[in-house]
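*Asks:* I'd like to go over a predicted model; first the sequence, then the structure.
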Amino acid sequence: MEIPIFKQGEYLIVSIQSVLADVDLMKLQDNLVTQVGKYHTRGVIMDIGYLDVIDSFAARTLRNIAYMVKLRGAEVVIVGIQPDVAYAMVQLGLSLKEVETALDLEEGLVLLKQRIKAGRDND
Amino acid sequence: MTDEKRIAIRFDGDIVTARQEGRSLAAHFGFSGSDLTVITTAISEVARNIIQYAGSGEIILRLARKNGKSGIVIIASDNGPGISNINKALQDGYSTSNGLGIGLPGAKRLMDEFTIVSQVGKGTTITMKKWIR
C-alpha cells in the first residue's frame, strides 16, 4: 500500500490512511526523503492519526524518517497520535525523542511555520 | 466467533494480520479502550520477534480464565535458534539484531503475565496474558 504524499506549497503532507506493514513504512521513508529534495520542501507534516498501533519498529522508523528529512534541510512535525496509542507507547517504553509532535494537522502547521521561521532567523 | 485463533507468521504482512485478529478477538472477549491497543501492540512485538529471529512461527490467541477472571492468552512460538540468555533478552536496550531492544521487555510491561521458554537450537515460546479489569 503506497502512502500518499501531498505537496502544498513548500510543505509536504503525509497522510496515512491504511494499516501499515513494515515494508510500507520503509517505502514511505525512501519516497519522502526523495521528494523533499525534488520539491525543495521546507516542512513535512506526517499525520499518523489512522494508526491504531505504534510498536517499536514503527516508532524507530518514524524517528529515522524525521531525522533523515531534517538532514535534507526540512522541518518535521508528527501529528494525530491517538490517546490509546500514546498510552501504549509510554507503557512500551517508546519515545519519538526530539521529533516535534502536535495534536492535529492545524496545530502541526502552526508549529511547522514557527520552526521554519526560527530556522531562518538563525541563519 | 470462535474462542481461538491461530496465525502463521512467515513474513512481515502476517504481523499486521496477527494485530488485527488479536484486536478483534480481544474485543470479542470483552476488552475495550486502551487495553485493546495495549494487547495489539504486545502482539505486534512478539510477532516481529518471530520474523526477526526465527524467520517463521505461529501465534495462538485464546480465551483465558482464572479465579473468576477472564482475559486473553497469546502464545508466540517458533522453531528458531532460541534465546541463550533470557534475562538479557528481557533487559531494556539489549538487542542482537540492531533493533531498539525494547520489544520483549516492552511487551512484558504491557501484559499482566509474561513467560519465555526457550531452548537453544530448538526454539522459543512466549506466553503472555492480560486480564479484563
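*Replies:* Noted; the coordinates are in hand.

*Asks:* Return the alpha-carbon coordinates of the helix or strand of chain B with the lowest mean pLDDT using CSV.
*Replies:* Ranked by mean pLDDT, DSSP states H and E, the weakest helix or strand in chain B is helix B:86-89, scoring a mean of 82. Taking Å, rounded to 0.1, in the frame of the first residue of the first chain, the C-alpha atoms of helix B:86-89 are listed here in CSV:
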residue,chain,number,x,y,z
ILE,B,86,16.6,-14.9,28.6
ASN,B,87,17.4,-12.4,31.4
LYS,B,88,19.4,-10.4,28.9
ALA,B,89,16.7,-10.6,26.2
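
*Asks:* Which residue ranges of chain A form helices?
*Replies:* Under the criterion DSSP state H, chain A contains helices at A:22-38, A:56-71, A:83-92, A:105-121.

*Asks:* Switch those helices over to CSV; also include mean pLDDT and mean neighbour count.
*Replies:* For every residue, glycine as well, the C-beta is placed using N, CA and C. Converted to CSV, these look like this (pLDDT from 0 to 100; neighbours: other CB atoms under 10 Å in any protein chain shown):
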stretch, mean pLDDT, mean neighbour count
helix A:22-38, 92, 16
helix A:56-71, 92, 19
helix A:83-92, 93, 18
helix A:105-121, 90, 14
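
*Asks:* now the ones you listed in CSV, with distance to B:Leu63?
*Replies:* Formatted as CSV, the helices of chain A follow (distance: least, CB to CB, whole Å):
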stretch, distance to B:Leu63
helix A:22-38, 29
helix A:56-71, 27
helix A:83-92, 22
helix A:105-121, 40
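
*Asks:* okay, those in a markdown table with distance to chain B next?
*Replies:* Below are these laid out as a markdown table (distance: least, CB to the nearest CB, whole Å):
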| stretch | distance to chain B |
| --- | --- |
| helix A:22-38 | 4 |
| helix A:56-71 | 5 |
| helix A:83-92 | 4 |
| helix A:105-121 | 22 |
